[in-house]
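> only geometry, no sequence info:
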Ligand SMILES: [Ca+2]
């Protein structure tokens, strides 16, 4: 019985290590899928200020790589203040050509709110992307709006396969 308990404990430690220690992240950053994420809670920054905030901390505005990243953000944002969050996607260069701020590549995965992006809008330049509270989906937004940054440091490329 004692051995069994030790075994369970060790398995638990391994699991915790896998979740918490697999990716080395700076203090205050949350590891996930070979990346570290920082939630700029209570920051009220324009898009370019938000990116500056992230680079000052050693990263970029976050690139949402796949559904797993989306689920991860959903999980964390649920516990934080319901307010829009900047991610690293924008079409500031060419309208409707969205690119990630760190790789300058088009997104392979997207998680738009229904009806978004809202295409050409002559009234507002909705060229910067937020994750909206409650829905946890993406919305094209005016880049000068004051929102909170989600920063990311990519530690290892390629998501490690299970097993
Ligand atoms: Ca746009």
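Yep, that arrived. Since this is a predicted model, take the numbers as computed values, not measurements.
> Quick check: mean pLDDT of stretch 90-100?
When pLDDT is averaged along stretch 90-100, the result is 94.
> Report all helices and strands that the strand or helix carrying residue 130 contacts.
Taking DSSP states H and E as the definition, residue 130 sits inside strand 128-131. Packing partners of strand 128-131 (3 or more CB pairs under 8 Å, 6 or more residues apart in numbering; DSSP states H and E): strand 85-90, strand 138-141. (Glycine included, C-beta is placed from N, CA and C.)
> Deepest in the core, which of the ones you listed is it.
strand 85-90 (a mean of 26; mean count of other CB atoms under 10 Å).
> what does the helix or strand containing residue 150 rub up against?
Using DSSP H and E, residue 150 maps to strand 148-154. By CB atoms under 8 Å, 6 or more residues apart in numbering, the residues outside strand 148-154 that reach it are 25-26, 29, 34-45, 50-51, 53-54, 57-63, 73, 81, 83-88, 102, 131.
> hmm, which of those are the buried ones?
25, 29, 34-40, 43, 45, 50-51, 53-54, 57, 59-63, 73, 83, 85-88, 102, 131 (16 or more other CB atoms under 10 Å).
> Show the model's pLDDT score for residue 19.
pLDDT for residue 19: 51.
> when you give positions from now on, start the count at 45
With 45 as the first residue, the last one maps to residue 63.
> So the most centrally placed residue in the chain versus the ion, what's the distance?
The residue lying closest to the centre of the chain (CA atoms, centre = their mean) is residue 106, at 4.1 Å. Distance, residue 106 to the ion, by CB to the ion, to the nearest Å: 19 Å.
> wait, isn't that residue in contact with residue 121?
No: in this structure, residue 106 is not within contact of residue 121 by CB atoms under 8 Å, at 11.4 Å.
> Restricted to strands, list the buried ones among the contacts of strand 192-198.
Using DSSP state E, the members of the buried ones among the contacts of strand 192-198 that fall in strands are 79-83, 104-105, 129-132, 175.
> what residues does this protein put near the ion?
By CB under 5 Å from the ion, the residues of the chain that approach the ion are 135, 171.
> Do you have the helices of the chain handy? List them.
Residue ranges of the helices in the chain, as given by DSSP state H, are 46-60, 91-100, 111-122.
> For the ones you listed, which has the smallest mean pLDDT value?
helix 46-60 (a mean of 48).
> can I get the helices and strands packed on strand 172-175 in TSV with distance to residue 170?
Converted to TSV, the helices and strands packed on strand 172-175 look like this (distance: least, CB to CB, whole Å):
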stretch	distance to residue 170
strand 129-134	10
strand 182-185	4
